[in-house]
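Student: need the 3D shape of this:
(2 chains, ligands or ions: 1)
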Amino acid sequence: MHNFDFVKPSSIADAVKAMGQDGAQALSGGQTLIPTMKQRLAAPSVLVSLTGIKEMQGVCMGEGGLHVGAATPHAIVAREAKSHYPALAALAGGIGDPAVRVRGTIGGSIANNDPAACYPSAVLGSGATVVTNKRKIAADDYFQGLFTTALEEGEIVIEVVFPIPEKAAYVKFNQPASRFALTGVFVAKFASGVRVAVTGASQNGVFRWTDAENALGRSFNAQMVSGLTVDASEMIGDLHGTPAYRANLVKVLTSRAVAAAG
Amino acid sequence: MPKDHGIGASSKRREDVRFLTGRGKYTDDMAIAGQVHAVFVRSQVAHGRIKKVDTSNAAKMPGVLAVFTGEDFKDVGGNPAGWLIKSRNGEAMREPKRPVLAHGKVRHVGDAYAAVVAETLAQAKDAAQQIADDSVIEELPAIVDMAAAVANASNRVHDEIPDNLCYDWGWIEDNRAKVDEAIRNAPHVTTLELVNNRLVPNAMEPRASIGEYFPGTGDYKLTTTSQNPHLTRLLVAAFVLGIPENKLTVVAPDVGGGFGSKIYHYGEEALVLAAAKQLARPVRWTAERTESFLTDAHGRDHVTKIELACEKDGTFIAFRTETMANVGAYLSNFATVTPTFLHGTLMAGPYKVPNVYVNVKTVFTNTAPVDAYRGAGRPEATFSLERVIDKMCRELGLDPFEVRRKNFVTTDMFPYTTPVALVYDTGNYHATLDKAMEMADVAGFETRAAASKAKGKLRGLGLSTWIEACGIAPSHLVGILGSRVGLYDAATVRVNATGNISVMVGAHSHGQSHETVFAQIVADKLGIPEASVEIVHGDTSKIPFGMGSYGSRSLAVCGVAMAKAVDKIIAKGKKIAAHMLEAGEGDITFADGKFSVAGTDKAKTFGEIAFSAYVPHNYPLETLEPGLEETAFYDPANFTYPAGAYLCEVEVDPDTGKVDIVGFYCADDFGNIMNPMVVEGQVHGGVGQGIGQALLENTRYNEDGQLLSGSYMDYAMPRADDVPFYTVDYSCQTPCTHNPLGVKGCGEAGAIGSPPAVVNAVIDALHRGGFTHVTHIDMPVSPSRVWSAIHG
Ligand SMILES: Cc1cc2nc3c(=O)[nH]c(=O)nc-3n(C[C@H](O)[C@H](O)[C@H](O)COP(=O)(O)OP(=O)(O)OC[C@H]3O[C@@H](n4cnc5c(N)ncnc54)[C@H](O)[C@@H]3O)c2cc1C
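Tutor: The predicted structure follows:
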């Protein structure tokens, strides 16, 4: 690790100002950024901690659905979102291990947009809105490929607003080593239709499986998925699974998510 | 009633008091006044010619005290291979020099070619980066695949070794023609090609070393993560740096796991000593996890073709194997013996097969060195045998239990000489198989399988009946076979004047529980409380000598040396007692901590005798030295042969390929048991490692020689929920016939016996599910591989 300055502002305005400094980078739970710095793969000169800002903490119902502050750790979401949005709470409770869950945050997760991370599937699958210090970004516009998002330089995610579906479930198949999602599928049924978001599988990061959405829109039943095919050509192939295997998982896990959603 | 102390009692592990309360003291915990930090500059490429290493900028950086390159060590010795293996044609193996720092070429990712010593770790890291930036390494094509390495004579890991071959070994060469003939004429031959996957050891504590030099006396001290401090001293002193052995102390304090990887001497140990001498300051280094992945000696990595010839009823006629064994870029200390004498000699298994021939070609590649890892050669042998037997049973529609029974060496056949030159002293393979089947409720399996099917899962049962050889010996034989060292061990039993005891043992405990179990044995033999016995290990200035802990040898070799030293104490005690009790020595008996005159009530306690030995007021000084301290060296007459039967029950999800182990049953014959709890723990750990190999651990280099699985993001270690509750039994005991404790060794058994049981169970499940085209899946049997096999 290289030396750096550390600031911990207590307001969004101060955070935005601090982010204007040369070499500044946001620090939330540090579960991704700190290991990267230890390996000397990142060397920000100023770390701007977002964990001291009240508006960015906690879970509450409000306009448009469930508001989750960007600096809310997974463990808090797992506990406090349970009564409002059980599928989201369950997803948060299945991330990493207890140590990761008490530090890692939703804002850090979706800002990083790891192709195997869990939260992006919930944000996209719920059709959530990402609120930043500058604007509101629809989930469909936010995720733009591996480790790539709509965020601009210095832009800070403040909160994520989740509409609450009638039914939803997340099913994750663990990558055996990291236990991130080898593939994970988030299914949400709204009055207006069904959304199916897939993480871990595609070379382009989290995506919506529209064929399944259409089929399930006709009838929300696991059997509706069985006749569909998933194109393996865009899927990730690595040590842990071939593209064909991941394509299979997309289908199997979607069925299981539908069944779990009930 | 189970015993509550002494031999056979489940005495609680005394070492856990410090380990479980955070009071262990590991190498990295030692803070030494004036210490400075070493950082190594490591190759980013798998194969490259070192064109330039410019340290001039780094040397001027803040805090930098010294820089080293391969040039600084080119005139000192190399780190040698411990065994010289001969090829089939009688040629000596090729032994390239393994330098302290790479010189001329780098040969694997992580190969250190320079080092920096600085006041702080951060300064040393900055300077190391500077050296990397200022160096020019011309990248050469990487040699990764073994077959390609041997086929392509122009691309060489070591310029002087044309075909990248260390040796081409045959065992036993005289059997070859006969075995070929037997296979040609056999009614049935099953062939299986398989990979025994490379494993990264992943000790929880990374390697670490601290070098010290004391200018006032000219003494050196190396504190290091070693399973084998005397061997390290010998190698550093006599082979590499040329320090007189008596001027070098090697201390291996608490060591957090080794599994083989810390048996060996590594260049970092020599570097910190050389730097300490140059700077007259303590120089320390602790590996980061990435360095551990890249530079600890890896395990396994065999590619094997095995043929099993048999009668139609499954009676074995012959086994023949051709193996390529990867040694990586350099020969680690035991790299040459592991795929040969620790593997080929086990290729008869517990079976009365008349014909066995083993061929092993050991190959250099641009990958990390490979050496003995828990089981070392025997897991590879067991996996090949138990997998091909399973395949044969399916081909011929035979019952795998019956086939093993039919072929077992039977109890009336011991001592039994195998066609691969081992002499099994004793065993009872039917007994352990019966026991395992009873524990696993094999009779109830079909009912459980039906229940799984109802849930959409496939249930399978896999068997492995294994044998291994522990406590490699005797020295005169291993000398003929090519060992450069002897394979005895030593212990000193020092009875203090007040009757309590310090025992200095050559075996090193880094998880094995010697401090508890060895004390149980001494206490039991002397009839004194365990708490009166202290076990001292891991310091060459304190212990007499030792060949370290590996190969499940600690108890069977060092433990026996210790028992023999205790016998000498008792013998001397009898002389002292005879004098004090005014009786003939022949009339003195020793039992329950008392020396008595037979047939009388005259007696002296052990404590009284000890006191008299050190305060010899009433003592036969004319004929007997005072003091009560004895040393014994023990060189066993033979290996010991633990054996057992493992049954694994799995459930496979055919939609995802995920394998869940729902039961694992071990019936082991370890001979006499000193501490059942410790034995169970060793079996749990070993089976856990075997399950890791079978299902999870996937060491993969890409074609450029980059390690793809170089962190825990991609290298899957078994976790608690990957393994089942084990059912372990050790009641089938055939005590070793040639050591006085009757013990065999249990440290590696789990890792040896379990992988084929797991894979056989998965194949069984798939066959029951109708996927009969799947004859084999290479380890790790990951969900993706299982699913691909089903759909392949
Ligand atoms: C052992 C381990 C296991 C894990 N397992 C899983 C898993 O199973 N599933 C899963 O989904 N994740 C997993 N993670 C990731 C973890 O859950 C965190 O979500 C992730 O590390 C990022 O969150 P963070 O708060 O730690 O972000 P940080 O590390 O602090 O930051 C990550 C990146 O986001 C930026 N950033 C942070 N907050 C903001 C913000 N509000 N606005 C703009 N940019 C911001 C930072 O500048 C940085 O670039 C695991 C991590 C570890 C270490």
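Student: wait, does stretch B:715-731 contact the ligand?
Tutor: No. Stretch B:715-731 lies apart from the ligand when judged by Cβ under 6 Å from any ligand atom; the minimum separation is 11.9 Å. No exception for glycine: its C-beta is placed from N, CA and C like everyone else's.
Student: so which bits of that stretch are buried?
Tutor: B:715-716, B:718, B:722-724, B:726, B:728-730 (16 or more other Cβ atoms under 10 Å in any protein chain shown).
Student: how about TSV for the residues you listed, with secondary structure added?
Tutor: Output for the buried residues of stretch B:715-731, formatted as TSV (DSSP: H, G, I helix; E, B strand; the rest coil):
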residue	secondary structure
B:Y715	coil
B:A716	coil
B:P718	coil
B:D722	helix
B:V723	coil
B:P724	coil
B:Y726	strand
B:V728	strand
B:D729	strand
B:Y730	coil
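Student: now these in CSV, with distance to chain A?
Tutor: CSV is the format used below for these (distance: Cβ to the nearest Cβ, whole Å):
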residue, distance to chain A
B:Y715, 6
B:A716, 4
B:P718, 10
B:D722, 8
B:V723, 13
B:P724, 17
B:Y726, 21
B:V728, 25
B:D729, 30
B:Y730, 31
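Student: and these as a markdown table, adding pLDDT?
Tutor: Shown next, in a markdown table, are those (pLDDT from 0 to 100):
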| residue | pLDDT |
| --- | --- |
| B:Y715 | 98 |
| B:A716 | 98 |
| B:P718 | 97 |
| B:D722 | 96 |
| B:V723 | 97 |
| B:P724 | 97 |
| B:Y726 | 97 |
| B:V728 | 98 |
| B:D729 | 98 |
| B:Y730 | 97 |
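Student: any chance of these in a markdown table with distance to B:A81 as columns?
Tutor: Shown next, in a markdown table, are these (distance: Cβ to Cβ, whole Å):
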| residue | distance to B:A81 |
| --- | --- |
| B:Y715 | 27 |
| B:A716 | 32 |
| B:P718 | 31 |
| B:D722 | 36 |
| B:V723 | 35 |
| B:P724 | 40 |
| B:Y726 | 37 |
| B:V728 | 37 |
| B:D729 | 39 |
| B:Y730 | 36 |
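Student: so what's the closest residue to A:G65 other than its chain neighbours scoring on pLDDT?
Tutor: Spatial nearest neighbour of A:G65, excluding adjacent residues (Cβ to Cβ, 6 or more residues apart in numbering or on different chains): A:P163 at 4.3 Å. A:P163 carries a pLDDT value of 98.
Student: wouldn't A:P163 be in contact with A:A128 here?
Tutor: Yes. Judged on Cβ atoms under 8 Å, A:P163 makes contact with A:A128 at a distance of 7.0 Å.
Student: overlap in contacts, the two.
Tutor: Residues touching both A:P163 and A:A128 (Cβ atoms under 8 Å, 6 or more residues apart in numbering or on different chains) are A:G65.
Student: of the two, which one has the most company?
Tutor: Comparing A:P163 with A:A128 by other Cβ atoms under 10 Å in any protein chain shown, the one with more neighbours is A:A128, at 27 against 16.
Student: any idea how far that one is from B:K178?
Tutor: 73 Å (Cβ to Cβ, to the nearest Å).
Student: also A:G108?
Tutor: A:G108 sits 67 Å away from B:K178, going by Cβ to Cβ.
Student: then B:D4?
Tutor: 55 Å.
Student: settle it for me: which of those two has more neighbours?
Tutor: For B:D4 versus B:K178, neighbours defined as other Cβ under 10 Å are more numerous around B:K178 (16 against 9).
Student: quick one: buried residues of the strand or helix carrying that one?
Tutor: Using DSSP states H and E, the element containing B:K178 is helix B:176-185. Buried residues in helix B:176-185, counted by 16+ other Cβ under 10 Å: B:176, B:178-179, B:182-183.
Student: go on, stretch B:38-47?
Tutor: B:38-43, B:45-47.
Student: nearest to the ligand: which residue in the stretch 1-150 of chain A?
Tutor: A:G108 (2.1 Å; Cβ to the nearest ligand atom).
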